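Novice: structure, please.
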Amino acid sequence: MNTDPAYFLVIDLEATCDDRGTVPKHEMEIIEIGAVLVERASLDAVGEFQSFVKPVRHPVLTPFCTGLTSITQSQVDGAPGFAEAIEALRRFIDNRDALFASWGDYDRNQFEQDARHHRVSLPFGGRHTNVKRAFSAALGETKRYGMAEALQRVGLPLVGTHHRGIDDARNIARLLPWALGRAKLGDRR
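Specialist: Numbering: from 1, shown residues only. As a prediction, the model looks like this:
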């Protein structure tokens with residue numbers, strides 16, 4: 001009997017940040033959730049979710065954060081709060097058996113931090129797969145690639161705007177065939 005989830009829920013988050021220490025790591029908050037639902041069997045994307053999230057600890061984005069993510073103050077000012085955004089993500093998942101997947105552990109840790117702060121349960125439980133680690137393992141390498149570097153490694157262009165949640169989630173979903181060992185270097189997808 002196959003107990004693997006039928007879907008991967010590839011998520012990339014953007015969060016409040018600063019290069020001058022005004023936003024401590026333990027106070028960073030999600031400002032964008034980008035998610036791509038990928039069917040495990042075919043590795044086809046079957047749905048997408050994107051939401052900005054209004055931060056409460058540091059509600060004014062720093063110039064560094066805006067420059068890095070291209071997310072504007074007006075986008076987060078008009079966004080739902082964390083609890084509302086998580087409820088919308090829960091509706092998007094719609095009780096499908098999906099494994100949360102992200103490039104590294106940052107997104108999982110940030111989700112857990114925000115969920116604790118807002119006292120909200122996450123819609124995908126504690127299961128998580130680190131696509132960055134799986135990618136290196138599948139290539140038989142110890143090097144941990146950044147997402148953009150991994151795309152270059154397999155010969156794919158970065159599509160969209162780097163450090164935008166939905167675009168990065170799409171790009172990570174494109175890397176799944178290599179991370180799962182279903183594609184080899186030189187394969188084009």
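Novice: now whichever strand or helix holds Phe135: mean pLDDT?
Specialist: Following DSSP states H and E, one finds Phe135 within helix 131-139. In this model, helix 131-139 carries a mean pLDDT of 97.
Novice: flag the shaky bits of this structure, pLDDT-wise.
Specialist: 1-2, 188-189 (pLDDT under 70).
Novice: can you show me the helices along it?
Specialist: For the chain, the helices defined by DSSP state H occupy 63-69, 73-77, 82-93, 106-118, 131-139, 147-153, 165-179.
Novice: and Gly47, which of those is closest to it?
Specialist: Nearest of the helices of the chain to Gly47, taken as CB to CB: helix 82-93 at 6.9 Å. Just so you know, the C-beta spots here come from the backbone N, C-alpha and C atoms, and that holds for glycine as well.
Novice: any buried residues in stretch 98-106, and which?
Specialist: Residues 98-103 are the ones in stretch 98-106 that count as buried (16 or more other CB atoms under 10 Å).
Novice: re the thing from before, tell me the angle the helix holding Phe135 makes with helix 165-179.
Specialist: 20 degrees (axes from the mean of the first three to the mean of the last three CA atoms, to 10 degrees).
Novice: and the contacts of helix 131-139?
Specialist: By CB atoms under 8 Å, 6 or more residues apart in numbering, the surrounding residues in contact with helix 131-139 are 10, 101-104, 142-145, 147, 150, 153, 172, 175-176, 178-181, 185.
Novice: could you give the angle of it to helix 106-118?
Specialist: If you take the same axes, to 10 degrees, helix 131-139 sits at 160 degrees to helix 106-118.
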